[in-house]
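1. predicted model, plus sequence, below.
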Amino acid sequence: MSSVGVLVNSGHLRVIDNDFKQLFLNNAVKGSKSVISSVDIIIVDTMDSSEELDEALGQLYSDSRDFLLNQSEFDVPINVYFNRDISFIRSFVWDSLFLPKECDELYSIHCSSDTPINLYSTAKTTPPLSTNKQRTSDENLYQVSALGGTFDHLHDGHKILLSIAAFITSERLIVGVADQELLENKKYKEQLQSFKVRCECARNFLNSIKPNLKVEFSAIRDVCGPTGTVPEIECLVVSRETVSGAGIVNKARKEKGLRELAVHAVNILGGTKEDNWKEKLSSTELRRRSAERQMICRH
């Protein structure tokens, strides 16, 4: 098993190009199957706009997941980190590190010289993704924010949602997690993770991207969950798939005399309105694969 690191800057996010793929196949995979244990991608410059971060996360998770799926690597976790200091970056010990040629200097700046590592630099210069569009600086815009979901088999889409929620929140993030009783009609429900496991996985991820953020978990047993009753919440973070539900929450809050929440919609990985926001690797697909593996083991 080998761990893989990828360093990027926000101006060059399309690092998963043909040169990268060939280097990866020739050096990290070497013809073997299921040898990759993890892929860590670190944006080394500062992100101060959630809109820009949303685009960056979508690009990096999507390109990386597409590539891994094409290699039949379905279970490799991808994590994209941002706004972390040099000590955090140096805490990683990768077997292989990939970065585009224009970012070669990032290796010497962000990696300790005594770290044994295989360094691979792509030869082709990639065009910048960023534009001259004015972005609103909204990091830590809200003191208290909330979001909700099943967070079963934590996947790339969940990570983007949690990342944006953490980014715009300065002090306290309330995470509503669907209780088991709301999941009875889910496909492959026998493969659903327990409430405790789902909370632990979400907490561990949030701690890795913003360790100083206070994170609270609450069981969701109705449409609103904690967002319908907690007065301190200022913002509700939702996916574009579920943005209509924010109106129900704000209606319930208004009836209780609570202030309405700002609504921050996050793009869903690989989804469009035309395909009903279908994700590349959903919780349902991960449960299906888990059930399939169990069937194979039994036979």
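-> Structure's in. What do you need? All figures in this text were calculated on a predicted structure; none of them were measured in a lab.

2. Pro211: neighbour count?
-> Look at Pro211: counted by other CB atoms under 10 Å, it has 10 neighbours. C-betas here are computed from N, CA, C, even on glycine.

3. that one is in what secondary structure piece?
-> Counting by DSSP states H and E, there is no helix or strand that carries Pro211.

4. before we move on, what about Ala202?
-> If you go by DSSP H and E, Ala202 is part of helix 195-209.

5. and what of Phe92?
-> Following DSSP H and E, there is no helix or strand that holds Phe92.

6. which residues does it contact?
-> Each residue near Phe92 by CB atoms under 8 Å, 6 or more residues apart in numbering is listed here: Ser3, Gly5, Asp40.

7. how much space separates it from Glu260?
-> Distance check for Phe92 against Glu260: by CB to CB, to the nearest Å, it reads 42 Å.

8. now Leu99
-> Leu99 is 44 Å from Glu260, by CB to CB.

9. equivalent analysis for Glu200, please.
-> Between Glu200 and Glu260 the computed distance is 32 Å (CB to CB).

10. how about the helices in the stretch 51-200 of the chain?
-> Along the stretch 51-200 of the chain, the segments classed as helices by DSSP state H, counting those that start in this stretch run 86-90, 105-110, 156-167, 195-209.

11. most tightly surrounded among those helices?
-> Stretch with highest mean neighbour count among the helices of the stretch 51-200 of the chain: helix 156-167 (a mean of 25; mean count of other CB atoms under 10 Å).

12. so that helix versus helix 195-209, what angle?
-> 60 degrees (axes from the mean of the first three to the mean of the last three CA atoms, to 10 degrees).

13. what's the neighbour count on Asn70?
-> Residues near Asn70, counting by other CB under 10 Å, number 9.

14. kindly report the same for Val144.
-> 18.

15. just checking, it touches Glu234?
-> Yes: Val144 lies in contact with Glu234 (CB atoms under 8 Å); the separation is 5.5 Å.

16. confidence score at Thr131?
-> The confidence metric pLDDT takes the value 53 at Thr131.
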